[in-house]
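Chemist: here is my input; please provide its structure:
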Amino acid sequence: MLRRIARAAVLAGALTAAPALAQTQPPESDSTVVITDRNMEDAVRDFVAEIGAAPDGANLARFDGTVCVGAHNITPEFAQKLIDQVSLVAVAVGLEPGEPGCKPNVLIMASTDGDALAARLVKDHFQKFRPVQTDGANLGKEALDLFQNSDAPVRWWHVTQTVLVDTGEAFERGASVRVRSSGRLESSVRQEMSHVLIILDTSRMGSVSFGSLADYVAMVSLAQLEAKADTSDFPSILNLFTNSAGDRGKRMTQWDLDYLVALYGTKGNAPNANREANRIANNMVRQQKEAQD
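Modeler: A predicted model of the protein is given here:
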């Protein structure tokens with residue numbers, strides 16, 4: 001019941017514009033991406049393939065259990081609204097919000113110079129970006145270089161941990177793992193989200209509503225997403241900052257929420273990335289069809 005209420009609240013778009021991080025609310029755009037019944041399934045599969053950003057050979061990671069959101073260098077009132085919106089979306093996909101004072105595993109930082117902040121953080125806390133003591137996955141050196149040199153208003157870095165499916169225990173690098181009898185259909189390990197860093201570059205933000213920004217941040221917080229993905233053919237909040245399909249008043253759509261729910265509704269123990277993408281797409285298609293009934 002709580003999850004359904006949270007989903008309805010996410011789609012209600014209750015947040016108002018906040019000048020602390022953005023300029024005034026832009027006028028509504030009449031540019032709308034429409035997915036017809038005939039091509040819906042193909043569109044879902046294309047979307048899943050386009051936006052997923054797991055390292056080669058790895059499945060996508062998810063948070064397991066609690067999401068604790070922290071915000072830095074943001075006016076307290078609006079920091080709390082940002083935290084609340086990310087937490088609301090987390091509840092909508094089946095996660096628990098962190099209690100006050102919890103240790104953040106999603107950290108949102110604002111700066112007028114995103115490149116400088118990113119470079120300083122990587123230099124001072126390199127092990128947090130590419131940990132070597134345990135087996136996990138990140139996008140590697142090239143992606144980390146891009147994270148430090150980006151013209152995007154919002155940039156993100158996800159760090160994951162390989163865990164055993166049965167117990168959730170961390171899988172140490174080099175350790176052996178017993179393969180199930182059904183190992184060709186399921187993996188004995190999965191990727192769990194360890195922590196996420198998001199940098200808001202206010203010098204590149206332009207005119208965007210705070211509610212739109214909060215929805216965008218929620219989307220990139222909870223899923224490993226390709227920073228260069230082309231989502232212009234899809235009705236997604238990920239078009240917020242694009243030139244071709246951008247709408248600075250856009251909010252999280254049913255399409256976006258369906259993706260996140262499908263992602264978290266898929267176990268993450270598929271034997272390979274292609275099989276997992278297919279399972280996520282199947283779940284998303286099922287939700288789309290149920291919504292039409």
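
Chemist: identify the residues contacting residue 280.
Modeler: With contacts taken as Cβ atoms under 8 Å, 6 or more residues apart in numbering, residue 280 has the following neighbours: 48, 52, 60, 259, 262, 263, 266. The way it works is simple: take the backbone N, C-alpha and C, and place the C-beta from them, glycine included.

Chemist: ok, now with 6 Å
Modeler: With contacts defined as Cβ atoms under 6 Å, 6 or more residues apart in numbering, the neighbours of residue 280 are 48, 262, 263, 266.

Chemist: likewise residue 114?
Modeler: With contact set as Cβ under 6 Å, 6+ apart, residue 114 has these partners: 199, 201.

Chemist: how does it look with 7 Å?
Modeler: Under the criterion of Cβ atoms under 7 Å, 6 or more residues apart in numbering, the contact partners of residue 114 comprise 150, 155, 199, 201, 204.

Chemist: next: residue 69.
Modeler: Going by Cβ under 7 Å, 6+ apart, residue 69 touches 83, 86, 87, 98, 104, 106, 108.

Chemist: try it again at 6 Å.
Modeler: By Cβ under 6 Å, 6+ apart, the contact list for residue 69 reads 83, 86, 87, 106.

Chemist: out of those residues, list just those in helices.
Modeler: When helices are assigned by DSSP state H, the members of the contacts of residue 69 inside them are 83, 86, 87.

Chemist: who's the closest residue to the last one other than its chain neighbours bridged to?
Modeler: By that I understand residue 87. Nearest non-adjacent residue to residue 87, counting by Cβ to Cβ, 6 or more residues apart in numbering: residue 97, 3.9 Å away. Residue 97 has the following beta-bridge partners by DSSP bridges: residue 67.

Chemist: got the confidence number for residue 97?
Modeler: The predicted local distance difference test score for residue 97 is 95.

Chemist: residue 134 too?
Modeler: Confidence per residue is given as pLDDT, and for residue 134 that number is 53.

Chemist: ok, residues contacting the helix or strand residue 43 falls within?
Modeler: In the assignment (DSSP states H and E), residue 43 maps to helix 40-51. Under the contact criterion Cβ under 6 Å, 6+ apart, helix 40-51 has outside partners 35, 225, 226, 229, 234, 277, 280, 281, 284, 285, 288.

Chemist: check which residues of that helix are buried.
Modeler: Within helix 40-51, the residues that qualify as buried are 41, 43, 44, 45, 47, 48, 50, 51, counting by 16 or more other Cβ atoms under 10 Å.

Chemist: name the SS class of residue 60, please.
Modeler: Put simply, residue 60 is coil when judged by DSSP: H, G, I helix; E, B strand; the rest coil.

Chemist: does it touch residue 224 like I think?
Modeler: Yes: using Cβ atoms under 6 Å, residue 60 is in contact with residue 224, at 5.3 Å.

Chemist: what is in contact with these two at once?
Modeler: If you check residue 60 and residue 224 against Cβ under 6 Å, 6+ apart, the residues they both contact are residue 54.

Chemist: skipping its backbone neighbours, what lies nearest residue 276 in space?
Modeler: Distance criterion Cβ to Cβ, 6+ apart; nearest residue to residue 276, sequence neighbours excluded, is residue 270 at 3.6 Å.

Chemist: for the one you found, what are its contacts?
Modeler: When contacts are counted by Cβ under 6 Å, 6+ apart, residue 270 is found next to 59, 276, 279.
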